[in-house]
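>>> give me a 3D structure for the following:
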Amino acid sequence: MATATPQTLDALGSQLLAEIQKSTDAQREELNEIFRKAGDLTDEAHDLPDGARDALDDLVSDPDWFSLLMFLVVRLSALDDHLTVGAMQPPGWSPMITLTYTVDAQAAATLGVAPLTHTDAAGNPLSRGIFLRIHKDVTANFPVAGGIGLSLAAHGAGQWTFTFGKPLGKPVTPATVAATLFWDPPDLTATPVTLTTGRAAATVDLNSQPVAGAKPYALTIALGDATTPATAGMRAHIDLGSSLGVLSEVISIATIDEQYSPTYTRPAAGPPTFDLHHRSA
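Next comes the predicted model:
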């Protein structure tokens, strides 16, 4: 079995990104049909009409790598009435599905996902990837619903672009973004074995003006919290002695309690790290 290291995890991440880009022709056509139903797209996000929204729901009903980002957009929009799904096409970009957070009926932040390659009138390929536009300072926490939750803190207006195959694009003015996506995996309990999982979280920190030598982004992916057994990422509690009945008076079997809380960190400065945070109770 290959050893999990920051280098192998980076390679895995690259492979996963490659798989996301390898969408099928049928899925491409389904998403293009959604954009056609959305009508003429502009530089501002607008809500999808009912027919286009229904088609998007169908597209993510059985998600794969191509539709995973679409799936997250749809699921996150259900967390709060201030989150809406729409579409837009900024200059130089392929059409994108958007998730917009509104405050006082005005857009505060818009996340766009453009997975398909389109061309302009001259036949030149348009950008595809992830597009984030912050209109004003935002602090929002959306509690976990249906297993998924989100928190967002952004300061400074501007646009962030994650174009496939290109460096991160960032605002020229001071701006920061901290976003965390949460997921609560299910537990498994079947006496005498109990397998529990902690909350999975992926946190992205963006800084348009990092210190010298640092990257404008940092990433942390963690399963659980190693602080206490109750919050461990993965905990296996096996009590075979409890199933022996009267034999437990003559046979002693120690209870097994193993805990792991793996954390991968790619800091703005320095090499990436990976720690299993193993503990035996």
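
>>> going along the chain, name the strands of the stretch 151-281 of the chain.
Across the stretch 151-281 of the chain, reading from the start of the chain, the strands by DSSP state E, counting those that start in this stretch fall at 158-163, 176-183, 188-190, 193-197, 200-207, 217-223, 234-238, 256-260, 263-266, 273-275, 279-280.

>>> quick one: low-confidence residue ranges for the stretch 151-281 of the chain.
Within the stretch 151-281 of the chain, the segments meeting pLDDT under 70 span 188-192, 239-254, 281.

>>> can we see that at 80?
165, 186-195, 226-230, 237-257, 281 (pLDDT under 80).

>>> what's near enough to touch the residue lying closest to residue 118 once chain neighbours are set aside?
What sits nearest to residue 118 in space, not counting adjacent residues and going by Cβ to Cβ, 6 or more residues apart in numbering, is residue 94, at 4.0 Å. (C-beta placed from N, C-alpha, C; glycine too.) Applying Cβ atoms under 8 Å, 6 or more residues apart in numbering, we find residue 94 in contact with 114, 116, 117, 118, 126, 127, 128.

>>> closest one to residue 139 among the strands of the stretch 151-281 of the chain?
The closest of those to residue 139 is strand 176-183. By Cβ to Cβ, the value is 9.7 Å.

>>> neighbouring strands of the closest one in the sheet, and parallel or not?
Sheet partners assigned to strand 176-183 using DSSP bridges are listed as strand 148-155 (antiparallel), strand 200-207 (antiparallel).

>>> list the buried residues in that strand.
Using 16 or more other Cβ atoms under 10 Å as the test for burial, strand 176-183 gives 176, 177, 178, 179, 180, 181, 182.

>>> what is the burial count for residue 164?
Taking other Cβ atoms under 10 Å as the criterion, the count of residues near residue 164 is 15.
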